[in-house]
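*Asks:* Build me a model from this:
(2 chains)
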Amino acid sequence: MIPEIGHFSLIVATALSFLLAIYPLIGAKINHPGMINSAKPLAIMQFLLMTLSFVVLAYAFATDDFSVGYVATNSNSLLPLRYKISAVWGGHEGSLLLWSLTLAIWTAAVAVFSRGIPKVALARVLSVMGMIAIGFNLFILLTSNPFDRTLPYLPLDGNDLNPLLQDVGLIFHPPMLYMGYVGFSVAFAFAIAALMAGRLDSAWARWSRPWTLVAWVFLTAGIALGSWWAYYELGWGGWWFWDPVENSSFMPWLAGTALIHSLAVSEKRGVFKSWTVLLSISAFSLSLLGTFLVRSGVLVSVHAFASDPARGLFILAFLIAVVGGSLLLYAVKGSEIKSRGKYGLFSRETFLLINNVLLIAALLVVLIGTLLPLVHKELGMGSISIGVPFFNNIFFYIMIPFAIALGVAPLLRWKKQEADLRPLFIQLAVIAVASIVLAVALPAIFADKIKIVAVVGFALAFWVIITSLLEVYIRATHRHSFATGVTKLGRSHWAMVLGHIGLAMMLIGISATQNYKIEKDLRMLPGDEVVFADYLFEFERIGEANGSNYEGYKAVFNISKDGKFETVMHAEKRSYFAQRSMPMTEAAIDWGVTRDLYIALGEQLADDSWAVRIYYEPFIRFIWWGGLVMSIGGLLAVSDRRYRFVNKGAAKAQ
Amino acid sequence: MTNDVKKKKQLMTRLVPLIVFLCVSIFLYIGLFRDATVLESTFIGRPVPEFALNDLVEPELQHDKSVLSGKPMLLNVWATWCPTCYAEHKYLNELAEDGVYIVGMNYKDERTKALRWLEELDNPYKISLYDPDGMLGLDLGVYGAPETFFIDSKGIIQYKHVGDINPRNWNSELKAVYEQLK
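*Replies:* Residues are numbered from 1 along each chain as shown, chains lettered A, B, ... in the order given. Next up is the predicted model:
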C-alpha cells in the first residue's frame, strides 16, 4: 500500500508539472495576473509531492520491502541502514527519481527566492522548468518506475548493492553532482524565458547569475568529491580516468565555467549576450546528454540498459525536443539579442572571450573523445578507444594559452585598453621570468629529475598565482593603503581570486602527479623490505581483520626515511558477506602536503607472498584542495551583497 | 538589400549549433539500436570459449571445453554469496532428478564454502567447474549470479537466462528451450 502512495504522488506531481508548463505561460502571454501568480504555488506543490514520492521509496528500502522490484534488485536485508538509503539512488530508476526531485527542489527554490524578479518573467522561467519536469517524470512513469511491484512472486531477499557503492563518499557524490547538473536548468530556463519574451537585458544576466554560480559550486564540489573517492576507494592510485561517466559530468562543468564568466561580462558590460544565451543552453543540454550517455548505455555496452531500448529512445526523443527546440528558438529569436558596447583589443572582454573559446574547445575535445568510439563503430571503421594519452595531450596544449590569458585578464581594464601598455608588459615579463624560475626550482627540490612538461605546468600555476596577487595589490592600493584597501575588496572579487588560485593549485597537483608519480607492483613476503622514492617500506606482518559485515586481511607496513621511522600503514583487503564476488581493497594512504604514500594490497600468491602495489604521489592533495578553493570562491560570489536583495537599483555596474 | 543578406547570414550562423546537435543525435539514435543486437549476438549461437578450469570437488582434476558438449545441457552459474542462487538451488535439484543434465560453475567463490553448500543442499550438478577469478565468467559475459546458459550437443550456446530458474519460468518458457536443444 505504501509504495502506491509514492507512485500516486509521482503521478500527481507529473500532472502539476503539466499545469506549471502551460498555465503561467499562457498567463504571461495574455497578461492574466491570476494565471501568472499560479506558478509559485504549483512549483511548491510539485516539490512537496516529489519529496513525498522519494521519501516513500526510501522508506521501502529502509523496511526491506522486497515486493518492490527496484528494492529487491538494489538492496538486501543485511545492508546497513545508511547504505540502504544511499541504495535508493544506486540504480537506474531511483537515480532518475533523484534527478526529478532535484529539479523540483531547484524549481521551488527559484519560486521562493526570486522576490526581486518581475512576476511575469518568473512565471515564464518556472514554466520552462515545468516542461523539463514533464519529460523526466513521464520517463520515470512510463519506462522506469521504481515503484513497480514483483507481486505475487516476491523474492525472499534482495540482490546486493555493489560493494563499491557501499561507501560514505558515494552517499553524497551523486546528489551533489545532480544538484550541479540539474542546477544548470535554472540558467537554461532563464535564457529560454528571455528568448521567448525577446527581452535580453542586463537584468536577465543578473537574475541568472547567482543560480548558475550555485549550480557550478555543486558540480565543482561533486566532481572533486568523485575524484577523491575514486582515488581512495578503487585502489588504483589514480584520480581521473577519462571514462564516459566522468566525462559526462566534466562537459557541463566546462560549459558552466564558461557560462559564469560570460554571464559576468553580460551583466557588467552588456556584451556577449548571444554567447551567454548559447552557453546557458549548452550547459544544460550537456547535462541532459550526460544523462543520456550514462543511462541509455550507448557507450558502455556491458553495463547497458540496452535490453530495453525504449528507455534510450525516450531520453533521446526528450533530448532532441529540449535541445533541438531551444537551439531552434535561439536561431530564430537570436536576432533580437542586442549587445551594446564595444571593446578594445587589450581589454578584459577580449581576454575573457579568448578563455571562453578555449573552454569550449576543451569541451569539444571531451565531447569528441567520448562520442568518437561510437561514431567510429557506426561508420564501420571498427572499434577504437580514445585513450587517456589523447585527452592528456590535448589538455596540456589547451592549458598553456588558457592559463596565460587567465593571468592577464584581471589586470586589464574593461572596455578600452590602457593608453600606455608598456608598464603592464614589463610587469608581465618580470612575472613570467619569476614563474619559470620557481617552476624549475620546485622539481629541483622535491624530485631528482627536471621534466619539461612538469615545468610548463608549474610555470603556468605560478603565473596565475603571481598575477592574481598583483591584481589584488593593485586593486587594494588604488585608493587606500594596502592594509585598508584589502579589506574593502568585494566578495565577488575575492571569489575570482580564489577561483583562479584554486585552478593554479590543481595545476600544481596535476603536473606533479602526472610526471613524478612512481608506482610499483611487488611480490612481498612478510619481513620483506623495499626502498621506494627515498622511503623504506617494511612489510612487517599480515593478519586476519574481520569487521561486522566483512572478513579480510590487514597488512602492516613500517615506513622510514633516511633511517628515521615515519609512520605505520595498514592496507586491507576485505570481502563483504553480502557480495563475495568483489573483494575490496582498502588502500593505506599516508597523506601529506607534498606527497601521498599509497599501498594497495592485492592477491595472496602461491608461496604465502602477497601482491602489493605501492604508489608515491607528489602533491596530489593539491588537486582536491584546488577544487575546494574553487568551490569556496563560487560560494563567496553567491554571497556577494548584490544578490542578497535582488532589485533593479542594487546592481550598479562598475 | 545588403541588410537582408547580412540578416540571412546571421541566421545561418545561429543555426550551426542546431545542425551540429542534430548530426550528433543521428549517431546517438543508431547507437541505441546497434547495442541491443551486438549484446545478443555476442553470446548466442557461438561455441563455448576455450577454458581450463579445475573441478570444484576434486581440485587436481582439470576440465576444458569438451565437458560442455556431447549432449544438451544447462550451464548454471552460481555462488554462495548469492541469495537468489540459494532460492534456485532446490528447483535445480528437482530438475536434475527429472534427468536434466546440469553443469555447475561456481563463480568468484571460496572452495570450502561452496563444498559445504553442496553438502548441505544436495548436488544437482553432473560436473562442477570452479571459477574463482571469474575467468570463464568474463568470456561468457556473465553479469552476476545466477545465470544459466543453454548449450546444445555441439557445444554451442543457444540461450541465456539471467536470474533464477523457478517452476514458473521453467514451465512457461525455459523447458521448451531445453527440449529444442539437439
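
*Asks:* ok now whichever strand or helix holds residue A:368, how far from the chain's centre?
*Replies:* Per DSSP states H and E, residue A:368 falls inside helix A:348-378. In terms of CA atoms, centre = their mean, to the nearest Å, the gap separating the centre of helix A:348-378 from the centre of its chain is 17 Å.

*Asks:* Tell me the helix or strand right after that helix.
*Replies:* Moving toward the C-terminus from helix A:348-378, the next element (DSSP H and E) is helix A:388-408.

*Asks:* Residue B:129 belongs to a strand?
*Replies:* Yes - using DSSP: H, G, I helix; E, B strand; the rest coil, the assignment for residue B:129 is a strand.

*Asks:* That one and residue B:105 touch, don't they?
*Replies:* Yes - counting by CB atoms under 8 Å, residue B:129 does reach residue B:105; the two are 4.5 Å apart. (Glycine included, C-beta is placed from N, CA and C.)

*Asks:* joint contacts of the two?
*Replies:* Residues touching both residue B:129 and residue B:105 (CB atoms under 8 Å, 6 or more residues apart in numbering or on different chains): B:53, B:136.

*Asks:* Same drill for these two, tell me which one is more crowded.
*Replies:* residue B:105 (29 against 22; other CB atoms under 10 Å in any protein chain shown).

*Asks:* and that one, what are its bridge partners?
*Replies:* Going by DSSP bridges, residue B:105 is paired in beta bridges with residue B:77, residue B:129.

*Asks:* What's the separation between it and residue B:55?
*Replies:* 11 Å (CB to CB, to the nearest Å).

*Asks:* Overlap of the contact sets of those two?
*Replies:* B:128, B:129.

*Asks:* Checking residue A:559 next. Helix, strand or coil?
*Replies:* Going by three-state DSSP: residue A:559 is strand.

*Asks:* I misspoke; the intended subject was residue A:117.
*Replies:* Quick answer, by three-state DSSP: residue A:117 is coil.

*Asks:* Residue A:504: how many residues sit nearby?
*Replies:* Neighbours of residue A:504 (other CB under 10 Å): 25.

*Asks:* same deal with the one 3 residues further on?
*Replies:* Residue A:507 has 25 neighbouring residues, counting by other CB under 10 Å.

*Asks:* Mind checking what secondary structure it has?
*Replies:* Quick answer, by three-state DSSP: residue A:507 is helix.

*Asks:* what's near enough to touch it?
*Replies:* Neighbours of residue A:507 in contact, by CB under 8 Å, 6+ apart: A:399, A:403, A:457, A:458, A:460, A:461, A:464, A:626.

*Asks:* can you rerun that using 6 Å?
*Replies:* A:457, A:460, A:461 (CB atoms under 6 Å, 6 or more residues apart in numbering or on different chains).

*Asks:* Touching, residue A:585 and residue A:235? I think so.
*Replies:* Yes - counting by CB atoms under 6 Å, residue A:235 is a contact partner of residue A:585 at 3.5 Å.

*Asks:* Overlap of the contact sets of these two?
*Replies:* With CB under 6 Å, 6+ apart as the test, residue A:585 and residue A:235 both reach residue A:600.

*Asks:* Residue A:200: how many residues sit nearby?
*Replies:* A count of nearby residues for residue A:200, using other CB under 10 Å, gives 24.

*Asks:* and it, how far is that from chain B?
*Replies:* Using CB to the nearest CB, to the nearest Å, residue A:200 is found at 14 Å from chain B.

*Asks:* One more: residue A:275?
*Replies:* Counting by CB to the nearest CB, the gap from residue A:275 to chain B is 11 Å.

*Asks:* where does the nearest residue to residue A:168 once chain neighbours are set aside land in three-state SS?
*Replies:* Nearest residue to residue A:168 in three dimensions, chain neighbours excluded: residue A:82, at 8.0 Å (CB to CB, 6 or more residues apart in numbering or on different chains). Following three-state DSSP, we place residue A:82 in the helix state.

*Asks:* Around the residue in the stretch 401-550 of chain A that chain B sits nearest to, count how many other residues there are.
*Replies:* Going by CB to the nearest CB, chain B is nearest to residue A:550 of the stretch 401-550 of chain A, at 11.6 Å. Around residue A:550 there are 21 other residues, counting by other CB under 10 Å.

*Asks:* And the strands in chain B, which stretches?
*Replies:* Ranges of strands in chain B, per DSSP state E, are B:53-55, B:62-63, B:73-78, B:102-107, B:127-131, B:147-151, B:157-162.

*Asks:* Name the residues that touch the fourth one?
*Replies:* Which is strand B:102-107. Identification of contacts with strand B:102-107 by CB under 6 Å, 6+ apart yields B:56, B:73-77, B:79, B:96, B:114, B:124-125, B:127-131, B:137, B:145.

*Asks:* Can you list the residue ranges for helices in chain B?
*Replies:* Counting by DSSP state H, chain B has helices at residues B:2-43, B:83-97, B:111-121, B:135-140, B:167-169, B:175-180.

*Asks:* Of these, which is nearest residue A:534?
*Replies:* Closest approach to residue A:534 among these (CB to CB): helix B:135-140, 38.8 Å.

*Asks:* Name the next helix or strand downstream of the lengthiest helix in chain A, please.
*Replies:* Of all the segments assigned as helix in chain A under DSSP H, the longest by residue count is helix A:202-234. Note on helix A:202-234: by DSSP H and E, the next helix or strand toward the C-terminus is helix A:244-269.

*Asks:* Brilliant, that's me finished.
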